[in-house]
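Novice: fold the following and give me the result.
(one chain, ligands or ions: 2)
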Amino acid sequence: MQPGNRTAARETRIVLENCGRIDPESLSEAVKAGAYQAITRVVREKRLAADVTAEVKRSGLRGRGGAGFPTGVKWSFTAPGETKFVVCNADEGEPGTFKDRLILEGDPHKLLEGMMLAGYAVGASKGYVYIRGEYATSIRRVQKAIDDARAAGYLGAAVLGSTFTFDVEVKKGAGAYVCGEETSLIESMEGKRGYPRLKPPYPGSVGLWGKPTVVNNVETLANVPGIMARGADWFRGFGTASSPGTKVFQILGDVQTPCAVEVEMGTPLRSLIEGFGGGVRAGKRFKAALLGGAAGAIVGPGLLEMAMDFDEAKERGAVLGSGAVVVLDEDASIAELLHGILEFFRHESCGQCVPCRVGTAALVAMSDSIRAGRAGAGDVDRLVDIARTMQATSLCPLGQSPILPVKSAVEGFRTEFEVAAA
Ligand SMILES: Cc1cc2nc3c(=O)[nH]c(=O)nc-3n(C[C@H](O)[C@H](O)[C@H](O)COP(=O)(O)O)c2cc1C
Ligand code: SF4
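Specialist: Ligands and ions are numbered 1, 2, ... in the order given. From the prediction side, this is the model:
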């Protein structure tokens, strides 16, 4: 792969449109750039809550936290109740991922407005931003944005003189990967150990303190003000039919120019790596890319033309996940990469259920034998069998996740594993 022409690659910015352009600590600059226009119109025109949900549904916005679940549909599933909550998931624990931080630090008012619109749509008057504790600047800037928005009448009782009440509080996470999973995040917010809950019931029915709760990712919520200000059709003008809008990707590893970019959904993987990342470093050839973080897939050169949207990725056995694209050059060892991923899962397994607690340790031991040349015939297939058993029997998606990196590594780079295991 030749180094690409960086100037030829163009970003399309929706969630990052103001990042780097406005002072993120200035409410007046944010307002000048359009902040709170959508919520102001919604409350002044006394729009029906169902209309807001319908517009977001029509936009086709899908969750940017990894799974791509349709946001408007999730909101419409929120159970009735006097007390409901909106929780913004800013735990951002996926390796190679820092896209939410760009929004939290670069345009916190956009996120707050997205939460307000979500609250208006589902009938919640309280929102929480659960931010990982290591993100000190994010915490400080979001808190300042909340204080400024409240002082200006955008947040609090009777928002902008209307009957809508909405306030936001920051909760700090303690840095466990599993606490990014929505039910363990809720447990952690309730002051308990971050053990995932069995689903169903889903948070939309039984969430924070037993109340209906909408949990959305930072990037998801940051798309909502644009949709409500400019309309669902405008949003559908970007991206692909089944994955409208944009996605923030982080292009890392063995590339000339590591970067984070916001591009239309459906942008080819090659364009991310060559156009924005500048191609593989030091004249080396492309070997593979880990897409979507530790819970993602390892893809080879055969998938470089893949359009990066939820459905095309799924069809090709990959995922968008968090939007991390970690590039490996020809000298990299896939067995070493996989071992690192499996070590991560073992470390982050909460230990609540046996298949994941025992399975992650078994995967690490076996991949260690393979990379050290101590494995026997059949051990490569046993690696896949263990991950498959974990997928079928683990209590939460963390234990169900190793199958994707394991299967994609073994299927795509089998000879490398067999040589190591021989
Ligand atoms: C182990 C694990 C970690 C996760 N970490 C995050 C995270 O850091 N941020 C996030 O938004 N979603 C994370 N998720 C997904 C959440 O459970 C949830 O689906 C998401 O916050 C929903 O938001 P969305 O619909 O806007 O995508 C994680 C899931 C699992 C299983
Ligand atoms: S699958 Fe793993 S992380 Fe999830 S509950 Fe079981 S032990 Fe905990």
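Novice: which other residues reach stretch 403-418?
Specialist: With C-beta atoms under 8 Å, 6 or more residues apart in numbering as the test, stretch 403-418 has contacts from 288, 290, 294-300, 317-319, 333-335, 337-338, 341-342, 363, 370, 380-381, 383-384, 387-388, 390-391. The way it works is simple: take the backbone N, C-alpha and C, and place the C-beta from them, glycine included.
Novice: mind checking which of the residues you listed are in helices?
Specialist: Residues of these located in helices (DSSP state H): 334-335, 337-338, 341-342, 363, 370, 380-381, 383-384, 387-388, 390-391.
Novice: from what I see, Val159 and Thr165 are in contact.
Specialist: Yes: using C-beta atoms under 8 Å, Val159 is in contact with Thr165, at 6.6 Å.
Novice: settle it for me: which of those two has more neighbours?
Specialist: Val159 (24 against 14; other C-beta atoms under 10 Å).
Novice: check the gap between the more buried one and Tyr120 for me.
Specialist: 9 Å (C-beta to C-beta, to the nearest Å).
Novice: helix/strand/coil for Leu16?
Specialist: With DSSP: H, G, I helix; E, B strand; the rest coil as the basis, Leu16 sits in coil.
Novice: residues near it, how many?
Specialist: Leu16 sits with 23 neighbouring residues when counted by other C-beta under 10 Å.
Novice: just checking, it touches Lys110?
Specialist: No: if you go by C-beta under 8 Å, Leu16 and Lys110 don't touch, sitting 9.3 Å apart.
Novice: what is in contact with these two at once?
Specialist: Ile103.
Novice: about what we covered before: nearest to ligand 2, of the ones in helices among the contacts of stretch 403-418?
Specialist: Met390 (7.6 Å; C-beta to the nearest ligand atom).
Novice: the residue nearest to that closest one when sequence neighbours are not counted and Ala295, how far apart?
Specialist: Distances taken as C-beta to C-beta, 6 or more residues apart in numbering place Gly359 nearest to Met390, at 4.1 Å, with adjacent residues excluded. Remark: distance between Gly359 and Ala295 (C-beta to C-beta) = 15 Å.
Novice: near ligand 1, which residues of the protein?
Specialist: The chain has residues 63-67, 69, 74, 89, 91-94, 177-178, 180-182, 215-217, 220, 397-398 near ligand 1, with proximity defined as C-beta under 6 Å from any ligand atom.
Novice: and the helices in the stretch 1-150 of the chain?
Specialist: Secondary structure of the stretch 1-150 of the chain (DSSP state H, counting those that start in this stretch): helices at 27-32, 37-44, 49-59, 71-76, 99-106, 108-122, 136-151.
Novice: continuing past the last one, what's the next helix or strand?
Specialist: If I follow you right, that is helix 136-151. Downstream of helix 136-151, the next assigned helix or strand under DSSP states H and E is strand 167-173.
Novice: and the following helix or strand past that following strand, does that touch ligand 2?
Specialist: Next along the chain after strand 167-173, taking DSSP H and E as the criterion, comes helix 182-189. No: residues of helix 182-189 contacting ligand 2 under C-beta under 6 Å from any ligand atom: none, with a closest distance of 7.8 Å.
Novice: tell me which residues are up against helix 182-189.
Specialist: 87, 89, 91, 128, 130, 171, 173-174, 176, 178-179, 193-197, 199, 203, 207-208, 213, 215, 350, 396.
Novice: got the angle for that helix vs strand 167-173?
Specialist: Orientation of helix 182-189 against strand 167-173 (axes from the mean of the first three to the mean of the last three C-alpha atoms, to 10 degrees) gives an angle of 90 degrees.
Novice: which parts of helix 182-189 are buried?
Specialist: Glu182, Thr183, Ser184, Leu185, Ile186, Glu187, Ser188, Met189 (16 or more other C-beta atoms under 10 Å).
Novice: kindly report the same for stretch 30-39.
Specialist: Buried residues in stretch 30-39, counted by 16+ other C-beta under 10 Å: Ala30, Val31, Ala33, Gly34, Ala35, Tyr36, Ala38, Ile39.
Novice: what's next to that stretch, contact-wise?
Specialist: Residues outside stretch 30-39 that contact it (C-beta under 8 Å, 6+ apart) are 17-18, 21-22, 24, 27, 107, 109-110, 113, 116-117, 120, 145, 149, 154, 159-160, 224-226, 228-229.
Novice: could you list the domains of this structure?
Specialist: With automatic domain parsing as the criterion, the domains of the chain are listed as 8-236, 334-421.
Novice: in a markdown table, list those along with mean pLDDT and distance to Asp254.
Specialist: Below are these laid out as a markdown table (pLDDT from 0 to 100; distance: least, C-beta to C-beta, whole Å):
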| stretch | mean pLDDT | distance to Asp254 |
| --- | --- | --- |
| domain 8-236 | 97 | 13 |
| domain 334-421 | 93 | 11 |
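Novice: can I get those domains in JSON lines including distance to Thr257?
Specialist: Formatted as JSON lines, those follow (distance: least, C-beta to C-beta, whole Å):
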{"stretch": "domain 8-236", "distance to Thr257": "10"}
{"stretch": "domain 334-421", "distance to Thr257": "21"}
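Novice: contacts only, for the residue in the stretch 201-350 of the chain that ligand 2 sits nearest to.
Specialist: With C-beta to the nearest ligand atom as the measure, Cys350 is the residue of the stretch 201-350 of the chain nearest to ligand 2, at 3.5 Å. Residues near Cys350 by C-beta under 8 Å, 6+ apart: Ala176, Val178, Ser184, Gly194, Tyr195, Pro196, Cys356, Leu398.
Novice: make a ChimeraX selection of the buried ones in the contacts of helix 182-189.
Specialist: Those of the contacts of helix 182-189 that count as buried under 16+ other C-beta under 10 Å are selected in ChimeraX with:
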select :87,89,91,128,130,171,173,176,178,179,194,195,196,197,203,207,208,213,215,350,396
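Novice: residue closest to the middle of the chain?
Specialist: Geometric centre of the chain, nearest residue: Gly65, 2.8 Å, by C-alpha atoms, centre = their mean.
Novice: grab the nearest non-local neighbour of that one.
Specialist: Spatial nearest neighbour of Gly65, excluding adjacent residues (C-beta to C-beta, 6+ apart): Asn217 at 3.3 Å.
Novice: and the stretch 151-300 of the chain, which residues reach ligand 2?
Specialist: Val178, Pro196.
Novice: for the stretch 151-300 of the chain, what spans make up the strands?
Specialist: 167-173, 213-217, 246-253, 259-264, 286-291, 297-299 (DSSP state E, counting those that start in this stretch).
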